[in-house]
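Chemist: One predicted model, sequence on top.
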Amino acid sequence: MIRLAYLALALALVGCAGLEQARKDALAADALWTCRCAVAGVAAGRSAPDGPEHLWVAAGREILRLDPDGTAETLWTAPPFSEVIRFEALDLDADGVDEWVVVLDVGNVRGEVIEVVDGARRRRGKAYAGWLRAWSGEGGPMVLGQRAGGDRPYWGTVSRLGLDDQGRWQPVEGGPDYPPRVGIFDPFTLADAPGRRFGLREDGRVVEYGPVTGLASPEQWVSDGRPVGRPVEVERTFRSVLGEEEESVVRLPPPVVARPGGGALVVAGTPAAVAVFEDFVVHRGGEVRAISAAPDRGATWGVRTPVVGRAITAATPWTPAGRTVWAAGVWTRAPQEFGPPESRVLLFDPATGDPVDRAALAGPERRWPEAVDALPPARPDAPTEVP
């Protein structure tokens, strides 16, 4: 079984005055968009070579486009009884159009690459039985894959993938120098440090890897705290090498996203849960941080957003109408007994980290709609994949 570990408000459980203020700040922020759903990812990119940069949001089975005026349109719908648990966008073939790399819960882990065909989003090739990731670093943009099975889920070999004659994703040569026995989503590169490899550890710290030697990849540098958030949990059943059925939980970090001018954005949070209930986990909150490579080794931290008191699931730079902001998907309410969860997309100033009023993205004559209460229905012509 796979599930999202939904967020509940930590303040009500721990009575922390700092979290009380963070909660008030989060509620006071002027959200670009609000939904009764759990946002699993956000990304920015283009659907046409000369088109505007869009902001895309993955929530439930839907991937939607958010406009600067806060309106949302469903562009793609996953198969019934499935759920998007990870979402990235990258121009994989240098044609000016960004493909989507999506990981789905369909009762097991399945990865898909979604491209633009005749103006609509369609699957490229066949589905991949395992994890998929969009990688940008040494070797250029590519798709990485890691099978979901094995004696340790999420610990299999990470390979560069390409399509064979039957449209199946298969390992090909030319992948990155990837640390062994590390989850597919943890290593990352920084454009201002070519040839160097960084990563996200399970304890939430950022590391810089040394040369790969045998079965170990020594860590040359480890950050002093600033734990990275892992808000999305994947729970699955698998068979061990002895044939026994076991369960394991994998905590997924949000994507590390390159930012204009160098460096990247990471989502920080508290790795330990404040409280664990039957169907969700309460985290202390999260923030978005800029990170850059230090001259010799390690990394330095730059601008940060306020700790919003909620779990941030993803963040990305976005440039609508010539102004760059940071857009972050935030879980703001856990599912209630008779009510759905809630998520918001908040905007931040990359120069200061301060919240940005959504009206700053619109002209003086434009009116902003009220936040929606639910995902908009899919358009009749929205392409829907079948299993």
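Modeler: Structure received.
Chemist: Show the pLDDT at A362.
Modeler: Per-residue confidence at A362 stands at 64 (pLDDT).
Chemist: Let me fix that, I meant to ask about G262.
Modeler: 88.
Chemist: which SS class is it?
Modeler: Following DSSP: H, G, I helix; E, B strand; the rest coil, G262 is assigned to coil.
Chemist: so what's it up against?
Modeler: Counting by Cβ atoms under 8 Å, 6 or more residues apart in numbering, G262 touches 190-192, 292. Just so you know, the C-beta spots here come from the backbone N, C-alpha and C atoms, and that holds for glycine as well.
Chemist: how near is it to A299?
Modeler: Plainly put, G262 is 12 Å away from A299 if you go by Cβ to Cβ, to the nearest Å.
Chemist: and for the two, which residues touch both?
Modeler: 190, 292.
Chemist: about what we covered before: between all of the contacts of G262, which two are separated the most?
Modeler: Largest separation among these by Cβ to Cβ: A191 and S292, giving 9.6 Å.
Chemist: intersection of neighbour lists for these two?
Modeler: Common neighbours of A191 and S292 (Cβ under 8 Å, 6+ apart) are 262-263.
Chemist: Give me the subset of the contacts of G262 lying in strands.
Modeler: Judged by DSSP state E, strands contain the following of these: S292.
Chemist: Give me the buried subset of the contacts of G262.
Modeler: Among the contacts of G262, the ones that count as buried by 16 or more other Cβ atoms under 10 Å are 190, 192, 292.
Chemist: got those residues as a markdown table, with pLDDT and distance to V234 columns?
Modeler: Compiled in a markdown table, those are given as follows (pLDDT from 0 to 100; distance: Cβ to Cβ, whole Å):
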| residue | pLDDT | distance to V234 |
| --- | --- | --- |
| L190 | 93 | 27 |
| D192 | 86 | 32 |
| S292 | 95 | 30 |
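Chemist: What confidence value was assigned to T319?
Modeler: 93.
Chemist: And G243, by the same measure?
Modeler: Looking at G243, its pLDDT reads 71.
Chemist: How many residues are close by it?
Modeler: 6 (other Cβ atoms under 10 Å).
Chemist: What is the three-state secondary structure of it?
Modeler: Here G243 is recorded as coil under three-state DSSP.
Chemist: Any buried residues in stretch 35-53, and which?
Modeler: Buried residues in stretch 35-53, counting neighbours by 16+ other Cβ under 10 Å, are found at 35-47.
Chemist: Report the mean per-residue pLDDT for that stretch.
Modeler: 93.
Chemist: again with stretch 89-103
Modeler: For stretch 89-103, the per-residue pLDDT averages 96.
Chemist: Please state the offset of that stretch from the chain centre?
Modeler: Mean-position distance between stretch 89-103 and its chain equals 15 Å (Cα atoms, centre = their mean, to the nearest Å).
Chemist: hang on, isn't L190 packed against F198?
Modeler: Yes: using Cβ atoms under 8 Å, L190 is in contact with F198, at 6.4 Å.
Chemist: so what's in contact with the two at the same time?
Modeler: 293, 299.
Chemist: Out of the contacts of G262, which is nearest to Q220?
Modeler: Nearest to Q220 among the contacts of G262, with distances taken as Cβ to Cβ, is L190, at 14.3 Å.
Chemist: show me what contacts that closest one?
Modeler: 196, 198, 262-264, 291-293, 299.
Chemist: what about it, distance to L90?
Modeler: For L190, the distance to L90 - Cβ to Cβ - is 16 Å.
Chemist: still on that earlier bit, so which of the contacts of G262 is the closest to V256?
Modeler: L190 (8.7 Å).
Chemist: Relative to W331, how far out is that closest one?
Modeler: Using Cβ to Cβ, L190 is found at 28 Å from W331.
Chemist: rewinding a little: from the buried residues of stretch 35-53, which land in strands?
Modeler: Using DSSP E, the buried residues of stretch 35-53 in strands are 35, 39-45.
Chemist: Using CSV, list the CA coordinates for the strand or helix carrying E287.
Modeler: Element membership for E287, per DSSP states H and E: strand 286-293. Extracted as CSV, the C-alpha positions of strand 286-293 are listed here (Å, rounded to 0.1, in the frame of the first residue of the first chain):
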residue,chain,number,x,y,z
GLY,A,286,9.1,23.8,6.6
GLU,A,287,10.9,26.5,4.7
VAL,A,288,12.5,27.1,1.3
ARG,A,289,16.2,27.7,1.2
ALA,A,290,18.7,28.7,-1.4
ILE,A,291,21.9,26.6,-1.6
SER,A,292,25.1,27.2,-3.5
ALA,A,293,28.4,25.3,-3.7
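Chemist: okay, now F188: neighbour count?
Modeler: 21.
Chemist: Quick one, grab the pLDDT at the closest residue to it other than its chain neighbours.
Modeler: Excluding its sequence neighbours, the residue lying closest to F188 (Cβ to Cβ, 6 or more residues apart in numbering) is V256, at 4.1 Å. We have a pLDDT of 96 for V256.
Chemist: Can you tell me what sits against stretch 41-56?
Modeler: Residues outside stretch 41-56 that contact it (Cβ under 8 Å, 6+ apart): 57-58, 63-66, 75, 84, 86-91, 95-98, 100, 116, 254-255, 257, 313-320, 327-329, 345.
Chemist: ok, of these, which come out buried?
Modeler: 57-58, 63-64, 66, 75, 84, 86-91, 97-98, 100, 116, 254-255, 257, 313-318, 320, 327-329, 345.
Chemist: if we can go back for a sec, which one of the contacts of G262 is nearest E245?
Modeler: L190 (40.6 Å).
Chemist: Would you list the phi and psi of that closest one?
Modeler: phi -120, psi 130 (degrees, to the nearest 10).
Chemist: Okay, now the unreliable bits of the protein?
Modeler: Within the chain, the ranges that satisfy pLDDT under 70 run 1-29, 149-153, 212-217, 239-241, 270-284, 309, 334-337, 362-387.
Chemist: Walking through it, point out its helices one by one.
Modeler: 11-14, 17-28 (DSSP state H).
Chemist: burial count for V206?
Modeler: 25.
Chemist: That'll do, ta.
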